[in-house]
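Asker: my questions concern the predicted model and sequence given below.
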Amino acid sequence: MSGKTKVLLVDDEKTLVKALKFNLEKEGFQVEEAFDGEEALEKALRNRPDIIILDLMLPGLDGFEVCREIRKKEEIPIIMLTAKGEDFDKVLGLELGADDYMTKPFNPRELVARMKAILRRSASRREEMRQQIRVGTLQIDLLKHRVTLKDRKIDLTAKEFALLSFLASNAGRVYSRGQLLEQIWGYNYYGDERTVDVHIRHLREKIEEDPGNPQMILTVWGSGYKFREEP
């Protein structure tokens, strides 16, 4: 995450917003304010903050509605705030996509601690998603070296996995047999370029519905191979 972590602070109690903003900025956060549901939704979708502190009781759209609308389009972490004695349904809030909730009054330090914990989990999830490649019913887990097709595990050799992962990570780009030998087998490999063809054939037999008419690993005649780009 480059620069300061961006927080959207949503509450119609301006005194509380001012106090929380002061504490959050002291912790190094960049804070934007919103005082009603419509303004919160507009700023959340336009500016895409890193985390949202969202009061339940707001003028116009309430916190539940704002959370529901944001979740239709974004996965921004959300902490919901509720005053003691308000009818807050924790289960409903979490089902709508809130990551956590806090009851007022609360210690700003606790809020900051929870924000940091949620942001760490969010960063971890994003990193995990970057390690996943999905094409139709094919899923490649780069971290676990695991490939599934229609939720069925596909057994690949180390070189087959390396070749599939490399092509899928560079979908649409054409690689010659020589380039693939260099990338997968290494600079000092002096094997026949037909090694690549053999591995491609084995991969197709394992992941293509019709290996004779491949839809994922494509041959570019006269040039080499490429992995299909998603439309």
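Answerer: Sure thing, it's come through. Numbering: from 1, shown residues only.
Asker: can you give me the domain boundaries for this protein?
Answerer: The chain breaks down by automatic domain parsing into domains covering 6-129, 132-227.
Asker: what about the shortest one, distance to the chain center?
Answerer: In this case it means domain 132-227. Centre-to-centre, domain 132-227 and its host chain are 24 Å apart (C-alpha atoms, centre = their mean, to the nearest Å).
Asker: ok, the longest one next?
Answerer: Centroid separation for domain 6-129 versus its chain: 19 Å, with C-alpha atoms, centre = their mean.
Asker: quick one, helices of the chain?
Answerer: 14-26, 37-47, 63-73, 90-95, 108-130, 158-169, 177-180, 194-207 (DSSP state H).
Asker: who are the packing partners of the second one?
Answerer: Packed against helix 37-47, as judged by 3 or more C-beta pairs under 8 Å, 6 or more residues apart in numbering; DSSP states H and E, are the following elements: strand 6-10, strand 30-34, strand 51-55, helix 63-73. All C-beta spots, glycine's among them, are computed from the backbone N, C-alpha and C.
Asker: and the first one, what does it pack onto?
Answerer: The elements that strand 6-10 packs onto, with contact taken as 3+ C-beta pairs under 8 Å, 6+ apart, are helix 14-26, strand 30-34, helix 37-47, strand 51-55.
Asker: looking at those, which is buried most?
Answerer: For those, the largest average neighbour count (mean count of other C-beta atoms under 10 Å) is found in strand 51-55, namely a mean of 25.
Asker: got a list of contacts for that strand?
Answerer: With C-beta atoms under 8 Å, 6 or more residues apart in numbering as the test, strand 51-55 has contacts from 5-13, 20, 40, 44, 63, 66-67, 70, 76-82, 98, 111, 115, 118-119, 122.
Asker: pull up the pairing partners for it, direction included.
Answerer: strand 6-10 (parallel), strand 78-83 (parallel) (DSSP bridges).
Asker: need the helix or strand of the protein with the lowest average pLDDT.
Answerer: Of all helical and strand segments in the chain, the minimum by mean pLDDT, DSSP states H and E falls on helix 90-95, at a mean of 65.
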